[in-house]
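Asker: build the 3D model from these lines:
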Amino acid sequence: MTLSFRHYILLGLVAFLVALPGRLSLPPLDRDEPRYMQATAQMLASGNFLDIRFQDQPRYHQPIGIYWLEAGAVKTVEFITHNTTLRHKAWPYRIPSLLACIGSILLTAWIGARLFDKHTGLLAAGFLLVAPLFTAESRMATIDSVLLLNILCVQALLLRHFDDARAGRKTPARYSCLYWCGLGIGLMLKGPIILIPSFGTLFALCLTTRSLAVWRQLQPRWGWMISIAIVLPWCLSIAWVSHGEFFRRAIGHNLLGKVANAQEAHGFPPGYYVLTFLFAFWPCALYVVRAIPAIWQRRHQTNTTFLLCWIIPHWLFFECLATKLPHYVLPTYPAIAILTAASLLKWPFIPLRTLWARLGLGVYASLWLGVGCLLSAAVPLLLYHMEGRIFTDTYLPLCGSLPLIAATGWLLWKQRWREGAYCSIGAALISEMGVFLCLIPHLNSIQLAPHIARSFEQLRPCQESPLLSPSYKEPSLIFLTGGATHSLSPIQAAQTLHDNARCALALIDKRDEPIFQKTFAQFGTTLILYDQFEGVNYSNGRKMHLRLYAAHE
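Answerer: Below is the predicted model:
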């Protein structure tokens with residue numbers, strides 16, 4: 001049984017409605033997201049769509065693909081709305097992630113329906129849609145949601161070739177062409193990372209089937225030239241412009257450097273992704289553990305083999321990587337969701353034979369329920385912790401999701417796993433909607449950058465006024481002020497403010513104020529306090545009391 005066009009339309013609409021909340025109210029999330037936004041905004045302002053820069057520094061981490069997508073989204077919005085003031089608003093840059101989120105849900109459902117049936121595909125899509133890691137990534141203007149969609153497209157095309165190889169028929173050349181186009185686009189998004197899930201799955205399939213039939217179906221004799229043709233023009237251009245610096249940084253430092261060394265304090269031992277799985281893929285995580293015996297029993301079936309060949313190489317590679325971030329294993333989640341959905345809907349439950357296995361599942365289920373209760377209560381707890389107060393509407397997610405968590409616990413006790421899965425998906429959906437609809441609008445303490453940017457826009461004396469900020473150096477402030485923020489030391493800020501007294505403004509935290517005031521007093525000029533802000537820099541958890549100063553001429 002396959003999904004009809006109507007199924008995909010309804011599923012896409014649901015995914016859109018679920019992924020939409022939070023895109024306007026969510027401030028730029030430090031630190032990666034505003035760096036992507038600002039670099040794209042500078043491309044639009046300069047007309048240079050070849051080089052990647054954040055202010056005056058090169059940003060040579062990934063290829064150009066995501067910046068082009070975000071620039072295209074902003075230009076499209078400007079064309080439709082006839083509004084040219086949106087380049088320093090966050091939401092237009094998040095449109096590619098929104099569309100990628102919808103596409104990923106639809107492709108997960110398609111792959112699940114092709115491998116099993118339409119009910120499996122829909123349940124797998126539901127598991128992915130409410131997963132906290134997927135929910136978070138799909139709301140940010142970063143590369144990972146778009147990369148996930150690209151990987152799903154490549155894997156869907158590989159599945160078509162795998163089915164044809166098993167059936168002994170030749171795959172039409174257009175599908176092979178699309179496969180290699182997908183690899184080329186992936187290379188433009190995040191470089192060689194696309195080769196890990198694509199070639200990892202392909203290699204594992206050839207190994208398990210002891211045949212190169214799938215590889216031959218892909219037409220590699222000419223297919224690789226399509227991928228190269230997509231990526232080579234920009235590679236040659238950026239190599240020329242950067243004098244090879246892009247590849248030294250992007251591949252030598254950013255990619256290969258993560259293999260052996262932990263970068264940016266993100267080093268964890270192997271097993272990190274297993275430990276974080278309970279939180280990152282709630283509520284599906286429990287049903288995955290329950291499904292392991294059934295998956296193992298059916299590991300030689302072709303549909304299960306394909307999904308295991310997708311999951312295992314990718315997961316093992318990133319577990320062995322020195323640098324670890326939660327989203328690195330996100331491309332395995334659709335395959336895990338499909339296998340889990342199949343275990344609930346298609347396969348009979350295999351009881352655990354040993355006492356220790358049953359006790360282990362019981363302990364894991366208890367932890368799982370605890371995480372569910374914590375997610376349900378996250379809105380009022382976080383609001384009280386961050387703001388010291390609670391609003392009435394913040395109890396709505398708790399009142400809606402906690403009864404569903406309790407019902408899920410009762411259903412699992414009665415061994416009604418399928419009903420429990422649907423119930424827990426509903427609980428996760430209510431909890432996550434509560435975060436974006438009831439929590440974020442009330443979080444003022446983390447809105448430092450938006451508050452400062454609005455005040456700066458209203459108070460700056462000149463159109464080109466610089467904002468001198470030795471204390472608060474977050475990329476979100478740089479993006480929201482249109483690149484006008486300059487990171488200097490307190491002494492340099494005092495000197496620059498004196499030298500540019502007519503236009504410049506200085507943003508000083510109380511910790512840096514004594515040295516700033518002392519330095520500025522040496523010039524015999526007085527300061528004017530324009531505004532002040534209190535809040536939390538949530539990137540490092542530091543409380544800040546900032547003051548916006550101008551020089552009295």
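Asker: switch to C-alpha atoms for all contacts and neighbour counts from now on
Answerer: Will do.
Asker: quick one, grab the pLDDT at the residue nearest to Ala156 when sequence neighbours are not counted.
Answerer: Among residues not flanking Ala156 along the chain, Ile111 sits closest, at 6.5 Å (CA to CA, 6 or more residues apart in numbering). On the pLDDT scale, Ile111 is placed at 97.
Asker: what helix or strand does Ile111 sit in?
Answerer: Element membership for Ile111, per DSSP states H and E: helix 95-115.
Asker: just list what the helix or strand following that helix packs against, helices and strands only.
Answerer: Counting by DSSP H and E, the next helix or strand C-terminal to helix 95-115 is helix 118-130. In terms of contacts (3 or more CA pairs under 8 Å, 6 or more residues apart in numbering; DSSP states H and E), helix 118-130 is packed against helix 95-115, helix 333-345, helix 417-434.
Asker: and the helix or strand in which Leu149 is found, what's buried?
Answerer: In this assignment (DSSP H and E), Leu149 forms part of helix 144-167. By 16 or more other CA atoms under 10 Å, the buried positions in helix 144-167 come out as 144-165.
Asker: likewise for stretch 18-27?
Answerer: For stretch 18-27, burial by neighbour count (16+ other CA under 10 Å) applies to Val18, Ala19, Leu20, Pro21, Gly22, Arg23, Leu26, Pro27.
Asker: report the secondary structure state of Val214.
Answerer: What DSSP: H, G, I helix; E, B strand; the rest coil gives for Val214 is helix.
Asker: how close does it sit to Gly182?
Answerer: Val214 sits 17 Å away from Gly182, taking CA to CA, to the nearest Å as the criterion.
Asker: and what of Gln415?
Answerer: Gln415 sits at a distance of 42 Å from Gly182 (criterion: CA to CA).
Asker: out of those two, which sits in the more crowded spot?
Answerer: Taking neighbours as other CA atoms under 10 Å, Gln415 and Gly182 compare with Gly182 leading, 24 against 12.
Asker: ok, the more buried one touching Gln155?
Answerer: No: counting by CA atoms under 8 Å, Gly182 does not reach Gln155; the two are 9.5 Å apart.
Asker: how is this structure partitioned into domains?
Answerer: 5-191+210-262, 358-438, 448-551 (automatic domain parsing).
Asker: number of nearby residues for Ile491?
Answerer: Around Ile491 there are 17 other residues, counting by other CA under 10 Å.
Asker: what helix or strand is it located in?
Answerer: Element membership for Ile491, per DSSP H and E: helix 490-499.
Asker: that helix: which residues count as buried?
Answerer: Using 16+ other CA under 10 Å as the test for burial, helix 490-499 gives Pro490, Ile491, Gln492, Ala493, Ala494, Gln495, Thr496, Leu497, His498.
Asker: if you drop the residues flanking it in sequence, what lies closest to the fifth one?
Answerer: Read it as Ala494. Ranked by CA to CA, 6+ apart and with sequence neighbours excluded, the top spatial neighbour of Ala494 is Phe520, at 5.2 Å.
Asker: the strand or helix carrying the one you found vs helix 490-499, what angle?
Answerer: With elements taken from DSSP H and E, the one containing Phe520 is helix 513-521. Counting by axes from the mean of the first three to the mean of the last three CA atoms, to 10 degrees, helix 513-521 lies at 40 degrees to helix 490-499.
Asker: which residues touch the helix or strand following helix 513-521?
Answerer: Note on helix 513-521: by DSSP H and E, the next helix or strand toward the C-terminus is strand 527-537. Contacts to strand 527-537, defined as CA atoms under 8 Å, 6 or more residues apart in numbering, come from residues 444-448, 451-452, 455, 459, 542-552.
Asker: could you do stretch 25-44 as well?
Answerer: Where contact means CA under 8 Å, 6+ apart, the residues beyond stretch 25-44 that reach it are 49, 52-55, 59, 67-68, 70-71, 87-88, 90, 93, 140-142, 436, 440-441, 447, 450, 474-476, 478-479, 482-483, 539.
Asker: hang on, the earlier thing: in PyMOL, how would I select the buried members of the contacts of strand 527-537?
Answerer: PyMOL command restricting those to the buried ones, with burial defined by 16+ other CA under 10 Å:
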select buried, resi 444+445+446+447+448+451+452+455+544+546+547+548+549+550+551
